[in-house]
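Participant: Using only what follows, build the 3D model:
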Amino acid sequence: MLTSIYFFLNLALFILTIICVTRYTLYKRSWSLMLHDSVQNAYLGCFPMGGTTLINVSVTLMYNEYGFGGKSYLYTIWAHWWRDVAGCRIARQDHFLDKMTAVWLLPVVTVIFPPSHDLITTLFSIALVTVGLMLAFTIMTIHLLCVIPHGLPLGGTIISTFIPLGPTGQRGCSVLLVGQSLKHFLPLHSGASEVLNSGSTGEIISVTCVCISFILWAIATMWLVYAMLGTLDSPRKARIPFKATAWDLIFPNVVVYANSNMQLYKALDLPFFRV
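Facilitator: Okay, the predicted model is just below:
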């Protein structure tokens, strides 16, 4: 019941964003200004990320639990998944190293979220997670390159230090889900592939995914500690105002880190990970 409430609230908030269309229609120049702002345009990555949450719940809750719709509904959701994936891959920005913050990770996080028809979808999801992993770690390395000599950002921008929890935490959850998916429908019992028809392939992949997920959880925990220490130290140098950057604390950062903990608890049955 609670999940249904949050699903429809999420859907309502998406519908309310139509107001933004009115704004950019009335003030056409503001759209161009936003697209060329290296910070504001990064937040466009939130749309495919949020859209993925709607797609996931539409399948797991509305279709699986409530039996809403039928095959046509399921294929419609699948089509939206592919459209969401395409949206994750679109980005155009101008970057300067002296203005680098963890906000650069926002367009990359969208590449990580979608892991949700069978082998094709799962394999494509693995490709997305791998690409997202490479891009995220590359940007986090650049972020450290800037932080070590220049220090953490001051003011409200300090909250952006929590953004690395998004790619690391959600990727850990995504890897676990991919492992569970492959374990569910492997072996295929069709075709000539020895790998996909082996009875142990699914189990091996599932265990490997659990190990990878734990490693990513550990990396996410490290970034969480760094972000908390930086946020505690920052007020000594500059006031932290409450503004749009505070959103970085909620989604896709701390929430997906908690999600990673819950998935590890289900996989390992260790109370330590229970949230």
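Participant: Next, give phi and psi for residue 221.
Facilitator: Here is the backbone geometry of residue 221 (degrees, to the nearest 10): phi -60, psi -40.
Participant: how's this structure carved up into domains?
Facilitator: 1-94, 95-275 (automatic domain parsing).
Participant: Just say which of the ones you listed is most tucked in.
Facilitator: For the domains of the chain, the largest average neighbour count (mean count of other Cβ atoms under 10 Å) is found in domain 95-275, namely a mean of 18. Quick note: C-beta positions are derived from backbone N, CA and C, even for glycine.
Participant: which stretches of this structure have low pLDDT?
Facilitator: Applying pLDDT under 70 to the chain picks out residues 1-3, 37-43, 45-46, 85-118, 244-255, 275.
Participant: who's sitting farthest from the centroid in it?
Facilitator: residue 192 (35.3 Å; Cα atoms, centre = their mean).
Participant: helix, strand or coil for that residue?
Facilitator: On the three-state scheme (DSSP: H, G, I helix; E, B strand; the rest coil), residue 192 is labelled coil.
Participant: and it, what does it touch?
Facilitator: Listed by Cβ atoms under 8 Å, 6 or more residues apart in numbering, the contact set of residue 192 is empty.
Participant: Need phi/psi at it.
Facilitator: phi -110, psi 0.
Participant: Likewise for residue 265?
Facilitator: phi -60, psi -40.
Participant: Surely it and residue 259 touch.
Facilitator: No - using Cβ atoms under 8 Å, residue 265 is not in contact with residue 259, being 10.7 Å away.
Participant: how far out from the middle of the chain is stretch 149-165?
Facilitator: 19 Å (Cα atoms, centre = their mean, to the nearest Å).
Participant: mind checking the end-to-end distance for that stretch?
Facilitator: End-to-end distance of stretch 149-165: 22 Å, with Cα to Cα, to the nearest Å as the criterion.
Participant: element containing residue 133?
Facilitator: helix 118-150 (DSSP states H and E).
Participant: by contact count, what packs against that helix?
Facilitator: Counting contacts by 3 or more Cβ pairs under 8 Å, 6 or more residues apart in numbering; DSSP states H and E, helix 118-150 packs against helix 71-88, helix 106-112, helix 165-185.
Participant: one more time with 10 Å, if that's ok
Facilitator: Under the contact definition 3 or more Cβ pairs under 10 Å, 6 or more residues apart in numbering; DSSP states H and E, helix 118-150 sits against helix 71-88, helix 106-112, helix 165-185, helix 201-233.
Participant: what angle do the first one and helix 118-150 make?
Facilitator: Here helix 71-88 points in a direction 30 degrees away from that of helix 118-150 (axes from the mean of the first three to the mean of the last three Cα atoms, to 10 degrees).
Participant: Just the C-alpha atoms of helix 71-88, please, in CSV.
Facilitator: The C-alpha trace of helix 71-88 is given here as CSV (Å, rounded to 0.1, in the frame of the first residue of the first chain):
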residue,chain,number,x,y,z
LYS,A,71,0.9,-8.3,-22.4
SER,A,72,0.2,-5.0,-24.2
TYR,A,73,0.8,-3.1,-20.9
LEU,A,74,4.1,-5.0,-20.2
TYR,A,75,5.4,-4.3,-23.7
THR,A,76,4.4,-0.7,-23.4
ILE,A,77,6.5,-0.4,-20.3
TRP,A,78,9.4,-2.2,-22.0
ALA,A,79,9.2,0.3,-24.9
HIS,A,80,9.4,3.1,-22.3
TRP,A,81,12.4,1.4,-20.8
TRP,A,82,14.3,1.5,-24.1
ARG,A,83,13.3,5.2,-24.5
ASP,A,84,14.6,5.8,-21.0
VAL,A,85,17.9,4.1,-21.9
ALA,A,86,18.2,6.4,-25.0
GLY,A,87,17.6,9.4,-22.7
CYS,A,88,20.4,8.2,-20.4
